[in-house]
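> show me the folded form of this:
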Amino acid sequence: MLSKNLAIKVLNAALSTGGDYAEIYVEQKRVSSIMLENGKVETVGGSLTFGAGIRILKGFGSVYGYTSDLSPKSMLDLASKLAASFQGERAIEVTSIKKMKVKTINPIEDSLMDVSEEKKIAYLKECYLATKEVDDRLVRIIDAFTNYRTDIELFNAEGPEARFYTNFEERGRLTMTSFAMGENNNLQTAFAGPGRFGGWKYFTETLDYKKKAREIGEKAIMLLSAKECPSGKYPVVIGNGWGGVLFHEACGHPLEASSTARGLSVFSDSIGKQIASPIVSAYDDGTIANEWGSNNLDSEGVPTKKVELIKDGICTGFLVDRSNGRRINMEPSGCARRQNYRFPPTSRMSNTYIAAGKDNPEDIIKDTKLGIYVVDFGGGSVEPTTGEFNFSASEAYIIRDGKVCEPVKGCTLIGTGQEILMNIDRVGNDLALGQGMCGAASGSIPVDVGQPTIRLKEITVGGRGGKLE
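From the prediction side, this is the model:
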């Protein structure tokens with residue numbers, strides 16, 4: 001997409017005022033999307049976009065700009081305008097470019113881009129029928145499939161020899177939403193969104209998509225009879241997989257260098273200190289083959305890694321990008337990510353999870369006399385500087401005498417990241433991951449959240465159902 005000769009000229013223009021690092025990120029992205037409502041095709045679309053972003057670092061300073069015009073004049077003009085943000089003499093003259101090897105940890109055997117629209121539509125109709133057959137009270141069912149392929153070129157330089165990387169991302173996601181209508185206009189919804197950095201066989205052979213489709217119908221119907229959740233301080237058991245979104249939001253974001261390096265996180269000075277129960281270890285691993293949040297390479301050319309964040313309750317690491325790493329004197333950890341060329345990269349999560357423990361999940365429930373069992377979460381909010389969060393559960397139940405009993409709605413967990421980490425007193429052996437999208441400074445990116453079943457010995461539960469008895 002960009003010749004090496006032009007890349008050298010652009011990098012030198014960017015470094016003309018004393019910058020000590022410059023990069024060019026070039027991408028071409030193809031997107032395909034199909035959506036059905038109640039089994040009928042509503043939208044079929046696709047897009048092709050391309051563009052480039054240029055970033056310059058000088059000490060702690062950073063400047064970024066982008067363009068969809070990849071002509072030499074446009075690229076050189078952008079580099080010169082960005083360089084004008086700094087004052088100084090040239091310190092680096094780029095004279096050559098070295099092609100770097102990139103290890104493919106996410107092989108694609110059957111590209112989603114090669115699957116016809118007819119096959120995808122037939123697949124989504126199967127999902128619809130599996131959901132619709134659950135109950136006549138399901139009044140609206142939306143099924144969609146979106147996939148994209150991004151081809152990337154990255155040039156970066158902090159010396160006379162620049163580095164050149166080529167990379168790709170290819171992901172697909174199935175989303176299913178059901179709406180159930182009960183008496184007195186009681187409307188309840190359920191959602192599932194399995195995704196993969198992979199091909200069509202995963203969605204048709206590995207993933208039990210009909211089971212997923214039935215489950216969202218059953219969940220919406222179940223919620224029609226759910227009572228209001230009680231409020232107070234109780235033990236709370238959080239299910240595996242998507243339950244990890246609470247850790248992702250309340251603890252994962254505060255461990256990103258974009259927050260810790262600027263003193264904006266409750267965990268800024270936590271390396272080597274106990275921040276969690278001794279039975280808790282946590283990781284961010286962008287190297288899990290073909291997982292939704294995985295990458296072959298990060299947006300700065302650093303290979304993705306398995307980063308240990310917490311070991312036996314002790315904070316052992318942060319997610320570090322190149323720019324913020326300079327502020328805390330830490331090397332990049334392969335976690336610089338961005339939505340597309342319109343965003344500069346920064347430290348972001350990939351596949352973030354609490355590691356499996358030793359407890360049997362059934363025993364965790366059995367050993368809880370009275371409490372709440374949260375299976376799935378909906379929306380929520382977190383303040384990284386204080387760690388305070390407010391998360392609503394989309395599926396929750398009462399635990400009585402060690403048994404999962406009646407479903408409840410309107411359940412909200414309220415607390416801080418520090419509080420939940422220290423209050424984890426049981427960790428199951430059933431680690432699972434769930435797929436989602438994470439929005440932050442560098443845009444919306446695919447991530448996996450995850451954990452085994454865990455128990456919080458006590459946390460504030462909000463609801464309108466009175467006291468739990």
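
> what's the closest non-adjacent residue to residue 414?
Excluding its sequence neighbours, the residue lying closest to residue 414 (CB to CB, 6 or more residues apart in numbering) is residue 460, at 4.4 Å. No exception for glycine: its C-beta is placed from N, CA and C like everyone else's.

> could you pull up phi and psi at the nearest residue to residue 13 once chain neighbours are set aside?
Ranked by CB to CB, 6+ apart and with sequence neighbours excluded, the top spatial neighbour of residue 13 is residue 79, at 3.8 Å. When read as degrees, to the nearest 10, the backbone of residue 79 gives phi -60, psi -40.

> list the contacts of residue 79.
Residue 79 makes contact with 10-11, 13-14, 22, 54, according to CB atoms under 8 Å, 6 or more residues apart in numbering.

> let's see 7 Å
By CB atoms under 7 Å, 6 or more residues apart in numbering, residue 79 lies in contact with 10, 13-14, 54.

> max pairwise distance over those: which two?
Greatest spacing in these, by CB to CB: 13 and 54 (9.0 Å).

> with neighbour numbers in mind, choose between these two.
Using other CB atoms under 10 Å, the more surrounded residue of residue 13 and residue 54 is residue 54, with 27 against 21.

> just to revisit the earlier point, the residue nearest to residue 414: what secondary structure?
Applying DSSP: H, G, I helix; E, B strand; the rest coil to residue 460 yields a three-state assignment of strand.

> give me every residue that touches it.
233, 414-415 are the contacts of residue 460 under CB under 7 Å, 6+ apart.

> again, only this time at 10 Å
When contacts are counted by CB atoms under 10 Å, 6 or more residues apart in numbering, residue 460 touches 231-234, 236, 390, 412-415, 419.

> how about residue 446?
Residues counted as contacts of residue 446 (CB under 10 Å, 6+ apart) are 148, 169, 171, 173, 195-197, 291-295, 337, 339, 350-351, 435-438.

> whichever of the contacts of residue 460 end up buried, select them in ChimeraX.
Selection of buried members from the contacts of residue 460 for ChimeraX, criterion 16 or more other CB atoms under 10 Å:
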select :231,234,236,390,412,413,414,415,419
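
> nearest to residue 357 among the contacts of residue 460?
Taking CB to CB as the measure, residue 357 lies nearest residue 236 of the contacts of residue 460, at 16.4 Å.

> pull up the pairing partners for the helix or strand that closest one falls within, direction included.
Taking DSSP states H and E as the criterion, residue 236 maps to strand 232-238. If you go by DSSP bridges, strand 232-238 pairs up with strand 370-383 (parallel), strand 454-462 (antiparallel).

> format those strands as TSV; extra columns: distance to residue 219.
Formatted as TSV, the strands paired with strand 232-238 follow (distance: least, CB to CB, whole Å):
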stretch	distance to residue 219
strand 370-383	8
strand 454-462	20
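
> so for residue 165, which of those sits nearest?
Nearest of those to residue 165, taken as CB to CB: strand 370-383 at 33.2 Å.

> residues of that closest one that come out buried?
The neighbour-count check on strand 370-383 (16+ other CB under 10 Å) flags 371-377, 380, 382 as buried.

> which is the next helix or strand following the helix or strand residue 36 falls within?
Following DSSP H and E, one finds residue 36 within strand 21-37. Per DSSP H and E, the first helix or strand lying C-terminal to strand 21-37 is strand 40-58.

> partners of the strand holding residue 36 in the sheet?
In the sheet, strand 21-37 lines up against strand 40-58 (antiparallel), strand 138-157 (antiparallel) (DSSP bridges).

> could you dump the longest one to CSV, C-alpha only?
Output for strand 138-157, consisting of C-alpha atoms alone and laid out as CSV, is shown next (Å, rounded to 0.1, in the frame of the first residue of the first chain):
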residue,chain,number,x,y,z
LEU,A,138,-41.0,-14.0,21.9
VAL,A,139,-42.3,-11.0,19.9
ARG,A,140,-39.1,-9.8,18.3
ILE,A,141,-35.9,-11.6,17.4
ILE,A,142,-32.8,-10.0,15.8
ASP,A,143,-30.0,-12.0,14.3
ALA,A,144,-26.9,-10.5,12.7
PHE,A,145,-23.5,-11.6,11.4
THR,A,146,-20.7,-9.1,10.9
ASN,A,147,-17.2,-9.9,9.7
TYR,A,148,-14.2,-7.9,8.6
ARG,A,149,-10.7,-8.3,7.2
THR,A,150,-8.1,-5.6,7.9
ASP,A,151,-4.7,-5.6,6.1
ILE,A,152,-2.1,-3.5,7.9
GLU,A,153,1.3,-2.1,7.1
LEU,A,154,3.4,-0.5,9.9
PHE,A,155,6.6,1.5,9.5
ASN,A,156,8.3,2.8,12.6
ALA,A,157,11.7,4.4,13.3
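
> average pLDDT for whichever helix or strand comes after that strand?
Beyond strand 138-157 on the C-terminal side, the first helix or strand identified by DSSP H and E is strand 161-181. Mean per-residue pLDDT for strand 161-181: 98.
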